[in-house]
Structures are given as structure tokens and as C-alpha cells.
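J.: here is my input; please provide its structure:
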Amino acid sequence: MVSLEGKVISSLPDGKYKVEIEYKGKSKVFTCYVSGKIRLNHIMITEGDRVKIELSSYDPTQGKIVYRYR
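T.: Numbering: from 1, shown residues only. As a prediction, this is how the structure comes out:
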């Protein structure tokens, strides 16, 4: 798995989010869902939050939000 830092740009239905990653001057948008630990601890994620995501090697367009920075 690949870990990246990004910014939440929008909230989608069914608990998914659009996260924008900037890498080497280019930006890319991923569709991400919330990991189980964040869901169990009721951590709220809103637009503009900085998050850490993990990308799957099977489907690189989708990721999992594993951490929300303060």
C-alpha cells in the first residue's frame, strides 16, 4: 500500500470523500472511504481537512482515509 497526504475537497454519499493529492506540481483526485478505526471513534471529516490516505495496488483510483491531521 502507498501512503499519501491530501486535502478533502468534497463529501459524497455513502461515507465517501473526494481527496486531492498534490505531487510534483500536479494534482490528482481520488475517491476515498473512511477506515474502521476512524468510523469507530466517530471522528468527523469535513471539507478542507488534511488527511493521510492509503492507495490500493489493485485499484489506484480508490483509497482509504487512515488519519486526519489536526
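
J.: relative to Cys32, how far out is Gly15?
T.: Note on Gly15: its distance to Cys32, by Cβ to Cβ, to the nearest Å, is 10 Å. Quick note: C-beta positions are derived from backbone N, CA and C, even for glycine.

J.: more neighbours: which of the two?
T.: Shown here are Gly15 and Cys32; by other Cβ atoms under 10 Å, Cys32 has more neighbours (24 against 12).

J.: residues of the helix or strand containing that one that come out buried?
T.: Following DSSP states H and E, one finds Cys32 within strand 26-34. Within strand 26-34, the residues that qualify as buried by neighbour count (16 or more other Cβ atoms under 10 Å) are Phe30, Cys32, Tyr33, Val34.

J.: helices along this protein, start to end?
T.: Under the criterion DSSP state H, the chain contains helices at 36-40.
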